[in-house]
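S.K.: attaching a predicted model along with its sequence, questions to come.
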Amino acid sequence: MSEPYHYDAQTLRTLREAAADNGTEPETGKRAGGLRLDGKGFEDIIYSHWGANPNKRPAERSPFADDAAKHRAELAAKLPGERLVIPAGAVRHRTWDTDFLFRTGSAFAHMTGLGRDLEAGAALVIDPTIEADGTVGHHATIYLEPTIDRTNPRFFSDAKHGEFWVGPRPLSEDFHVMTGLDVRDMTGFENALRAGAGPDGIRVRVLRGYDPAIDATVDRIREETGLGDADANHGADAVLEERSDECRIIKTPREVAEIVKAVDATKRGFERVADILPIARRVKRGERLLEATFTHSCRYEGNGISFGTNAASGPRATILDYHANDHALKDGELFLLDAGIELDSLYAADITRTFPINGKFTEPQREIYQAVLDASNAAIDAANKPGAVYHDMLDAALASVARSLHRLGILPVSVEEALRPDGHQHYRWLYHGTGHHMGLDVHDAYRSRNEYYPDAPLRPGMVFTLEPGLYFDAADELVPERYRGIGVRIEDDLKVDPDGKTRLISDFARTPDEVEAFLASHGPERYLDSFLAQEAVCAE
């Protein structure tokens, strides 16, 4: 590594002289490619003679409002007597007049029943109260920036928030209808945080990282009221995040139904990918075409994607976080698609399937695929044993992988040695967790304590993925040559039903024979029909 450049006195003088005429004030009045939106005539005409906006829809109560009330009560009961601040999140600037797409924070969505992109800069505040019977209760309020409709001159002059530019947004009274909560102007946020706060009063916690401005406000008010700085409150804020995630482990029946909708929409995306696969085999960037096909299916139905799509063929399927998706598809290789839909409600799905590009597995591919399927089935069997806890599934999947690797002549030690706490040699070929909870985040509730997540008994309302895989790098000298460059993952979504049974939601094309039959039943001629069929369903 080279040493830092040395600046002697003569060098510094030369550089100062070179920089002497460099500008320090930007030019004013720059227009770039825009219009000059000024002039009295323009001002006279732009701010008047506007009728009611026909695009504004009447507000309706969120279908998740009642669930959200239960979630708030659960969180308040976990941290009684304290003020809890849950930001919706902030818009992140990208360049010039372009921002990154905003997504409401998951905790805010969970605690309010709101989703989509309507609440940037808002915050939910859960205040402690004393009920009539003397018990500690809570009261929740949403604080948000006022909507700039056409009664406010800023509806045009504020291009970031004005209705003229961004379309009609819900008013405060609309948010009240949607959530049932008190809704107040953000100008009252600071005073609300100060009320009763202090070392002899109410502690204030904030869910950090969603909105830098709200984080800074909470930090300043905590210091002003004697509650300490950000470092002093780091642990308390982290506990709020932990407890909030734990409220998301058990889904309500409505939440489970919403996740099932996301899984069904994701399955339709996989079917459309199978339709286009024969075309993708013939183009320069087949991976990219299949990624676009899934995204199109998602967006056409009015949804978003729940994470960056992994569309990997051949040896790229051995790379867990491959997202370039820009290679050609080759006959005789496998194609791995890891993708998921996110609904407007923000509930998500996550499915992986591995397809033979030409529709038929080779013998080595089928052997590896079957080993992964055996691991998945072993995990599901473990989940349905009496008293099963979450990590029993993962343990069963990994043990099955160790046995399969031994049978295939790959594992360099005995199965018993590999399964010892100081062994784990099989992790070389399965180097990631084999499942995760799923809900408002595709990796949901991951900050929960062990007793709520890996060590928790499987309970009705849990929804999670199961994703064993085997990945044999093309340069892996411990693997027989016939298996090198093969990557297989099978990821399914599962739920624990009211009867305690763990069942697949994404039960399609799982066995090698089912995969081949699935591909044989799809083709380009079916692609348009799939959209027309979906239109018919939506019209009902």
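M.R.: Okay, I see it.
S.K.: can you tell me what sits against stretch 386-405?
M.R.: 371-372, 374-376, 378-383, 385, 411, 415, 418-419, 426-427, 429-430, 433-435, 453-458, 462, 464, 466, 468, 470, 502 (Cβ atoms under 8 Å, 6 or more residues apart in numbering). All C-beta atoms are positioned from the backbone trio N, CA, C, and that covers glycine.
S.K.: buried sites along it?
M.R.: Buried residues in stretch 386-405, defined by neighbour count with 16 or more other Cβ atoms under 10 Å: 388-405.
S.K.: swap in stretch 173-188?
M.R.: Buried residues in stretch 173-188, counted by 16+ other Cβ under 10 Å: 174, 175, 176, 177, 178, 179, 180, 181, 183, 186.
S.K.: out of everything not next to it in sequence, what's closest to residue 352?
M.R.: residue 491 (3.4 Å; Cβ to Cβ, 6 or more residues apart in numbering).
S.K.: tell me the buried residues in the lowest-mean-pLDDT helix or strand in the chain?
M.R.: When each helix and strand of the chain is scored by mean pLDDT, DSSP states H and E, helix 524-539 comes last, with a mean of 79. Neighbour-count burial for helix 524-539 flags 527, 530, 534 (criterion: 16+ other Cβ under 10 Å).
S.K.: counting by contacts, list what that helix packs against.
M.R.: When contacts are defined as 3 or more Cβ pairs under 8 Å, 6 or more residues apart in numbering; DSSP states H and E, helix 524-539 packs onto helix 253-280.
S.K.: report the rounded mean pLDDT for the helix it packs on.
M.R.: Confidence for helix 253-280, expressed as mean pLDDT, is 98.
S.K.: going forward, the N-terminal residue is numbered 15.
M.R.: All right, first residue 15 from here; so that's helix 267-294.
S.K.: that one: how far from the chain's middle?
M.R.: Remark: helix 267-294 is offset 16 Å from the chain centroid, using Cα atoms, centre = their mean, to the nearest Å.
S.K.: again, but for stretch 121-132
M.R.: How far stretch 121-132 lies from its chain's middle: 13 Å, per Cα atoms, centre = their mean.
S.K.: how long is that stretch end to end?
M.R.: 15 Å (Cα to Cα, to the nearest Å).
S.K.: buried set for that stretch?
M.R.: 121, 122, 123, 124, 125, 126, 127, 128, 129, 132.
S.K.: how about those residues in a markdown table, adding secondary structure?
M.R.: Formatted as a markdown table, those follow (DSSP: H, G, I helix; E, B strand; the rest coil):
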| residue | secondary structure |
| --- | --- |
| 121 | helix |
| 122 | helix |
| 123 | helix |
| 124 | helix |
| 125 | helix |
| 126 | helix |
| 127 | coil |
| 128 | coil |
| 129 | coil |
| 132 | coil |
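S.K.: coming back round to it: quick check: phi and psi on the residue nearest to residue 366?
M.R.: For residue 505, the backbone dihedrals (degrees, to the nearest 10) come out as phi -120, psi 120.
S.K.: so who does it touch?
M.R.: Contacts of residue 505 by Cβ under 8 Å, 6+ apart are 352, 364, 365, 366, 367, 479, 480, 481.
S.K.: what is the nearest of these to residue 34?
M.R.: residue 352 (55.8 Å; Cβ to Cβ).
S.K.: which SSE is the closest one in?
M.R.: Assessed by DSSP states H and E, residue 352 sits inside strand 348-353.
S.K.: which neighbours in the sheet does that strand have, and how are they oriented?
M.R.: Partners of strand 348-353 in the sheet, by DSSP bridges, are strand 324-327 (antiparallel), strand 365-370 (antiparallel).
S.K.: want to try CSV for these, with mean pLDDT, mean neighbour count and distance to residue 254 as columns?
M.R.: Shown next, in CSV, are those (pLDDT from 0 to 100; neighbours: other Cβ atoms under 10 Å; distance: least, Cβ to Cβ, whole Å):
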stretch, mean pLDDT, mean neighbour count, distance to residue 254
strand 324-327, 98, 26, 32
strand 365-370, 98, 23, 32
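S.K.: output these as JSON lines; include the columns distance to residue 210.
M.R.: Formatted as JSON lines, the strands paired with strand 348-353 follow (distance: least, Cβ to Cβ, whole Å):
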{"stretch": "strand 324-327", "distance to residue 210": "49"}
{"stretch": "strand 365-370", "distance to residue 210": "48"}
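S.K.: closest one to residue 268 among those?
M.R.: Closest of these to residue 268 is strand 365-370, at 21.7 Å (criterion: Cβ to Cβ).
S.K.: which residues are contacting the next helix or strand after the closest one?
M.R.: Later in the chain than strand 365-370, the nearest helix or strand by DSSP H and E is helix 377-397. Contacts of helix 377-397 with the rest of the structure, by Cβ under 8 Å, 6+ apart, involve 348, 368, 370, 375, 402, 406-415, 418-419, 422, 448-449, 472, 480, 482-484, 486, 496-497, 500, 502-504, 506, 508, 516, 518, 524-526, 529.
S.K.: so for helix 377-397, what's the average pLDDT?
M.R.: 98.
S.K.: same check, this time on stretch 90-106
M.R.: Stretch 90-106 comes out with an average pLDDT of 97.
S.K.: how far off centre is it?
M.R.: Distance, stretch centre to chain centre, for stretch 90-106: 19 Å (Cα atoms, centre = their mean).
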